[in-house]
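Peer 1: Kindly return the folded structure for what I paste below:
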Amino acid sequence: MKSQKVVHAIISGRVQGVFFRMETRRAAERFGVNGWVRNRPDGTVEAVFEGDSEKVDQAVDWCKNGPPMALVSDIKIDEIDYTGEYKDFSISS
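Peer 2: Residues are numbered from 1 along each chain as shown. Next up, the predicted model:
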């Protein structure tokens, strides 16, 4: 059985107004992970990725650069307890 994990990420830099959420959802779907992504009032983007450990790591690695117009300056990662609560990947408001 493959190990499962959940990662909570806060991405800083030029990450709003550059299609970061939409492209994060596409990347998550491509990697086969569930969770959500949203803009935060402070200008950062917040995301949760849940699934196979290796695939979650791929999604997080993608966020380190993001879409072409983004300029990621920092990403804070916290691993949280796996619950299996997410059934897809969504953009939250």
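Peer 1: Show me what the helix or strand encompassing residue 11 is in contact with.
Peer 2: Of the helices and strands defined by DSSP states H and E, residue 11 is found in strand 4-14. By Cβ atoms under 8 Å, 6 or more residues apart in numbering, the residues outside strand 4-14 that reach it are 20, 35, 40, 43-53, 56, 59-60, 63, 66, 69-84. Using the backbone N, CA and C atoms, a C-beta is placed for each residue, glycine as well.
Peer 1: Sitting in helices, which of these do you find?
Peer 2: 20, 53, 56, 59-60, 63 (DSSP state H).
Peer 1: can you tell me which residues contact residue 83?
Peer 2: 6, 50.
Peer 1: Please shift the residue numbers so they start at 10 in all later answers.
Peer 2: Yes, from this point I'll number from 10; that puts the last item at residue 92.
Peer 1: Number of residues surrounding the residue nearest to residue 65 when sequence neighbours are not counted?
Peer 2: Closest residue to residue 65 apart from its sequence neighbours, by Cβ to Cβ, 6 or more residues apart in numbering: residue 58 at 4.7 Å. When neighbours are counted by other Cβ atoms under 10 Å, residue 58 registers 29.
Peer 1: List the beta-bridge partners for residue 58.
Peer 2: Counting by DSSP bridges, residue 58 forms beta bridges with residue 16, residue 44.
Peer 1: residues contacting it?
Peer 2: 15-16, 18, 37, 42-44, 65, 68-69.
Peer 1: Now pLDDT too, for these, in a markdown table please.
Peer 2: Compiled in a markdown table, these are given as follows (pLDDT from 0 to 100):
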| residue | pLDDT |
| --- | --- |
| 15 | 97 |
| 16 | 98 |
| 18 | 98 |
| 37 | 98 |
| 42 | 98 |
| 43 | 98 |
| 44 | 98 |
| 65 | 98 |
| 68 | 98 |
| 69 | 98 |
